[in-house]
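Engineer: let's see this in three dimensions:
(one chain, ligands or ions: 2)
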Amino acid sequence: MLVTLEGLDGSGKTTVWEALHDTYPDATFTREPTESWYGEAVDRAIADDDADPLAELFLFIADHADHLSRVVRPALADGDLVISDRYSDSRYAYQGATLAGEVKRPMEYIRGVHQPFTHPPDVTIYLDVDPRTAMQRSGATNKFEQSKYLTEVRQNYEQLMEWQPERFVRVDATQSPEGVLDDVEDVLERLLDAE
Ligand SMILES: Nc1ncnc2c1ncn2[C@@H]1O[C@H](COP(=O)(O)OP(=O)(O)OP(=O)(O)O)[C@@H](O)[C@H]1O
Ligand SMILES: Cc1cn([C@H]2C[C@H](O)[C@@H](COP(=O)(O)O)O2)c(=O)[nH]c1=O
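Structural biologist: Residues are numbered from 1 along each chain as shown. Ligands and ions are numbered 1, 2, ... in the order given. Sure, this is the predicted structure:
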């Protein structure tokens with residue numbers, strides 16, 4: 001089963017993802033951007049305020065393709081529970097916002113590029129925080145961590161949840177870290193019991 005954690009910068013994905021290592025020691029834990037050379041190229045784009053938005057999208061997609069073939073597909077083939085800190089929805093939401101005005105219907109466009117080759121998540125846990133809290137927590141350290149931009153990203157996540165309500169579980173991420181982790185663990189326990 002492929003479970004992904006999504007949300008704005010600072011929503012607490014990595015905090016939850018790290019805590020889940022103790023709860024599910026046999027799971028495969030992974031993340032996007034990855035630590036491969038494709039991921040390093042992505043990190044360079046993130047650090048470049050003048051990166052071309054379309055070129056940046058395709059760097060993220062190259063990293064995703066490598067992530068799928070090197071980590072995600074083999075782990076799923078072994079029957080592992082795979083838990084990814086960010087995945088394809090980050091592209092739909094974030095690059096959906098950077099490409100607004102550059103291409104028509106950017107989220108549909110980006111989903112269309114992924115559709116022929118990606119492995120969609122079975123479940124996506126969306127850690128919901130407002131952009132203000134996100135910014136306070138993340139410290140606005142990169143070009144994506146800006147209030148107006150994160151407001152658009154949040155709207156895009158809302159759109160994704162409207163399109164596929166069966167795949168998403170929303171968790172209130174303004175709670176304490178312990179409260180968020182409890183909610184996420186409840187979701188995972190129910191899912192794994194139902195398998
Ligand atoms: N529920 C919470 N309440 C208050 N602070 C939190 C909570 N969860 C995480 N934090 C703090 O917020 C900061 C960002 O958390 P974290 O790195 O887990 O977020 P993230 O969603 O992975 O961010 P990014 O997408 O930018 O990597 C950290 O300092 C973390 O300790
Ligand atoms: C996977 C992915 C990420 N981003 C953005 C979101 C963050 O601002 C940075 C790095 O992610 P991290 O979780 O803080 O390490 O990249 C993006 O715009 N598109 C994506 O597909």
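
Engineer: only C-alpha atoms from now on, for both contacts and neighbour counts.
Structural biologist: Fine.

Engineer: tell me who's in contact with residue 110.
Structural biologist: Neighbouring residues of residue 110 by C-alpha atoms under 8 Å, 6 or more residues apart in numbering: 91-92, 95-96.

Engineer: centre of the chain versus the helix or strand where residue 110 lies, how much separation?
Structural biologist: Remark: residue 110 resides in helix 106-114, with elements defined by DSSP states H and E. For helix 106-114, the gap between its own C-alpha mean and the chain's C-alpha mean amounts to 15 Å (C-alpha atoms, centre = their mean, to the nearest Å).

Engineer: stretch 49-60 now?
Structural biologist: Averaging C-alpha positions (C-alpha atoms, centre = their mean) puts stretch 49-60 17 Å from its chain's average.

Engineer: and ligand 2, is the helix or strand bottoming out on mean pLDDT in the chain touching that?
Structural biologist: When the helices and strands of the chain are compared on mean pLDDT, DSSP states H and E, helix 131-138 comes out lowest with a mean of 94. No. Helix 131-138 stays out of contact with ligand 2 when judged by C-alpha under 6 Å from any ligand atom, the minimum separation being 8.4 Å.

Engineer: so which bits of that helix are buried?
Structural biologist: Within helix 131-138, the residues scored as buried using 16 or more other C-alpha atoms under 10 Å are 131-135, 138.

Engineer: near ligand 1, from those?
Structural biologist: Counting by C-alpha under 6 Å from any ligand atom, the subset of these that neighbours ligand 1 consists of residue 138.

Engineer: can I get the buried residues of helix 131-138 in CSV including distance to residue 110?
Structural biologist: Supplementary listing: the buried residues of helix 131-138 in CSV, determined by distance: C-alpha to C-alpha, whole Å:
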residue, distance to residue 110
131, 23
132, 27
133, 27
134, 24
135, 25
138, 26
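
Engineer: ok, back up a step: walk me through which strands the following helix or strand past the helix holding residue 110 pairs with, and which way each runs.
Structural biologist: Using DSSP H and E, the helix or strand that follows helix 106-114 in sequence is strand 123-128. Using DSSP bridges, the strands paired with strand 123-128 in its sheet are strand 2-7 (parallel), strand 168-172 (parallel).

Engineer: out of those strands, which gets nearest to ligand 2?
Structural biologist: Relative to ligand 2, the nearest member of those by C-alpha to the nearest ligand atom is strand 2-7, separated by 8.8 Å.

Engineer: mind checking how far that closest one is from the chain centre?
Structural biologist: Using C-alpha atoms, centre = their mean, the offset of strand 2-7 from its chain centre is 6 Å.

Engineer: secondary structure element holding residue 57?
Structural biologist: With DSSP H and E as the criterion, residue 57 is inside helix 53-67.

Engineer: what does residue 73 give?
Structural biologist: With elements delineated by DSSP H and E, residue 73 resides in helix 73-77, which encompasses its position.

Engineer: what's the spacing between that helix and its chain's center?
Structural biologist: Taking C-alpha atoms, centre = their mean, the mean C-alpha location of helix 73-77 is offset from the chain mean by 19 Å.

Engineer: that'll do, ta.
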